[in-house]
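>>> Based on what follows, work out the 3D shape:
(chains A and B)
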Amino acid sequence: MELRQIDDYRWEIPQTGAMRVPGIIYADAAMMAALQKEEACRQVANVATLPGIVKASLAMPDIHWGYGFPIGGVAAFDMDEGVISPGGVGYDINCGVRLAVTKLFADEVGPRIADLADALYAGVPCGVGSTGGIRLTVAEEKKAISQGASWAVKRGLGDADDIDRTEDCGHMAEADPEAVSDNALERGRRQLGTLGSGNHFIEVGEVVEVFDPAVAARFGLAEGRITLMLHSGSRGLGHQVCDDYLAVMAKEARKSNIELVDRQLACAPVNASAGRRYFSALACAANFAWINRQVMLHLCREVFMRVFAKGPADLGMRMVYDVCHNIAKKERHEVDGRVRDLCVHRKGATRAFAPGHPDLCAAYRDVGQPVLVPGDMATGSYVLAGCDGAMAETFGSACHGAGRVLSRTAAKKAARGRELFSEMAGRGVALRCQGRTTAAEEMPEAYKDVNSVVEVVHRAGIAKKVAKIRPLAVVKG
DNA sequence: ATGTAC
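Below is the predicted model of the structure:
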């Protein structure tokens, strides 16, 4: 594929053939050299062929191959002429990351880390098909997915501050349970408060580096503080919503005479009935995921209080933020001097609104949105803050993680003969894992170096480094 | 990601 280097961190796929706009990939030279051979670049170009796409098909430095759209991709579509696509969101609707910080310091937690890891592993249901979280009737489930995260708080599973520090207050208003199939509802009914599998995790960490003390202080982060990070999504419910609407969209694309260069780009006009209905279902799944992470935060808080024999005030566990990184949202952005209503798809990309954005909670409005970027299970995670560059270039978006370099099968092969649990212990990480193969699939070598991914968005002026967190304990589904 | 293939 032909690529034109714009500067040290930006590469253009020129607009050719059926592409309506160019592609822009954020990466350093080493990443780009590896990427150039990848199918993911072709996927960036494919997305650029979809009707109503605005400005460019974008990709963050953690880009890798995905279903139709690349993971790490950002694409915005005009609300009148554009489309919405389940492949542009991903199977795990509102998969996202939540970060909380405690009053505990590393010296207090270090000696108890094995107990804490065991207790978290026991305290949160995990693995494929995990249930045993909250069990709901379908009627109550419909109420929950209409309300979002505040539903959990009403039931005593968190407090108002948790909601305030959740993207969009953990609620998409367009949610309509009538757009969600009985099958999807049934799959979700017993899964609130469950971790799931794959790259979903619970991570206890220690803040080891602060890059921007003023912003870090605002986020409640200081060197030595113990953190809790959760990564999970909408479980079986979101997966079923995606499946259901992929089938619908395949037909809709034909009906609307949308030419698809890849069937996996199935989509429909965002402002017509099928597109609206998918958006209503997606909003339900997004709300489900926020409740799910809220319930898990509550479970983890209780585990911490038990293990350290502390009350809520002494533990002082409070939310930093909760972000979605698989989502489509209706947002207003300035494009070439004109304010436009857009449907922004972020698939493996995090919202990164800059200081001053009206959608940010009051506590962070003047410093920018926290952007949570987990790395692999040993390297660490970053907290960034959204910058003006994101508003100008990426529809207010940044990277979401390290990004895979090895497929799951390749990772399993590479892990043969390795003792990952003792290796991780040797690196100071207490690893607890359900699936026998999960540790192998999630081994550090399966991911890009999160340090260099973050460096790209930092230097490109999209999101700036605030703090780095080192993992002490990791629970994988 | 996922009742990892209807």
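>>> Surely residue A:214 forms part of a helix?
Yes. With DSSP: H, G, I helix; E, B strand; the rest coil as the criterion, residue A:214 is located in a helix.
>>> if I pick it, what's in contact with it?
residue A:367 (CB atoms under 8 Å, 6 or more residues apart in numbering). C-beta: built from backbone N, CA, C; applies to glycine.
>>> Can you check the pLDDT for it?
As predicted, residue A:214 sits at a pLDDT of 98.
>>> how close does it sit to residue A:385?
10 Å (CB to CB, to the nearest Å).
>>> same question, residue A:242
Taking CB to CB, one finds residue A:242 at 31 Å from residue A:385.
>>> got a list of what the spatially most central residue of chain A touches?
Nearest to the geometric centre of chain A sits residue A:325, at 2.8 Å (CA atoms, centre = their mean). Listed by CB under 8 Å, 6+ apart, the contact partners of residue A:325 are A:95-97, A:346, A:348-350, A:400-401.
>>> Now do the shared contacts for residue A:214 and residue A:385.
residue A:367.
>>> and the residue of chain A nearest DNA strand B?
residue A:198 (2.1 Å; CB to the nearest atom of the strand).
>>> Now that residue: closest residue in space that isn't a chain neighbour?
Spatial nearest neighbour of residue A:198, excluding adjacent residues (CB to CB, 6 or more residues apart in numbering): residue A:477 at 6.6 Å.
>>> go on, residue A:157?
The nearest residue in space to residue A:157 (CB to CB, 6+ apart) is residue A:298, at 4.2 Å.
>>> Show me where the stretch 351-477 of chain A has its strands.
Assignment of strands within the stretch 351-477 of chain A using DSSP state E, counting those that start in this stretch yields the ranges A:370-374, A:381-386, A:397-398, A:430-433, A:463-476.
>>> Tell me which of these sits most buried.
strand A:397-398 (a mean of 33; mean count of other CB atoms under 10 Å).
>>> what sits against the residue nearest to residue A:198?
A:126-128, A:130, A:195-198, A:200-201, A:434-435, A:438.
>>> tell me, which of the contacts of residue A:325 make contact with DNA strand B?
residue A:95 (CB under 7 Å from any atom of the strand).
>>> Look through chain A and tell me its longest helix.
Taking DSSP state H as the criterion, chain A has its longest helix at helix A:273-308.
>>> So for the following helix or strand past that helix, mean pLDDT?
Next helix or strand after helix A:273-308 toward the C-terminus (DSSP states H and E): helix A:312-315. For helix A:312-315, the mean per-residue pLDDT is 97.
>>> Can you list the helices and strands that helix A:312-315 packs against?
Packed against helix A:312-315 by the contact rule (3 or more CB pairs under 8 Å, 6 or more residues apart in numbering; DSSP states H and E) you find strand A:96-105, helix A:273-308.
>>> got the buried residues for the longest one?
Meaning helix A:273-308. Buried residues in helix A:273-308, counting neighbours by 16 or more other CB atoms under 10 Å, are found at A:274-301, A:303-304, A:307-308.
>>> before we move on, what about the shortest one?
Residues A:96-102, A:104 are the ones in strand A:96-105 that count as buried (16+ other CB under 10 Å).
>>> Any chance of JSON lines for these, columns distance to residue A:48 and pLDDT?
Shown next, in JSON lines, are the buried residues of strand A:96-105 (distance: CB to CB, whole Å; pLDDT from 0 to 100):
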{"residue": "A:96", "distance to residue A:48": "26", "pLDDT": "98"}
{"residue": "A:97", "distance to residue A:48": "28", "pLDDT": "98"}
{"residue": "A:98", "distance to residue A:48": "33", "pLDDT": "98"}
{"residue": "A:99", "distance to residue A:48": "33", "pLDDT": "98"}
{"residue": "A:100", "distance to residue A:48": "38", "pLDDT": "98"}
{"residue": "A:101", "distance to residue A:48": "40", "pLDDT": "98"}
{"residue": "A:102", "distance to residue A:48": "44", "pLDDT": "98"}
{"residue": "A:104", "distance to residue A:48": "48", "pLDDT": "98"}
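>>> thinking again about what came up before, got the helices and strands packed on helix A:312-315 as a markdown table, with distance to residue A:329 columns?
Shown next, in a markdown table, are those (distance: least, CB to CB, whole Å):
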| stretch | distance to residue A:329 |
| --- | --- |
| strand A:96-105 | 13 |
| helix A:273-308 | 9 |
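>>> What about residue A:140, how many residues nearby?
13 (other CB atoms under 10 Å).
>>> residue ranges of the helices in the stretch 301-450 of chain A, please?
A:312-315, A:388-393, A:408-414, A:420-426, A:438-441, A:450-459 (DSSP state H, counting those that start in this stretch).
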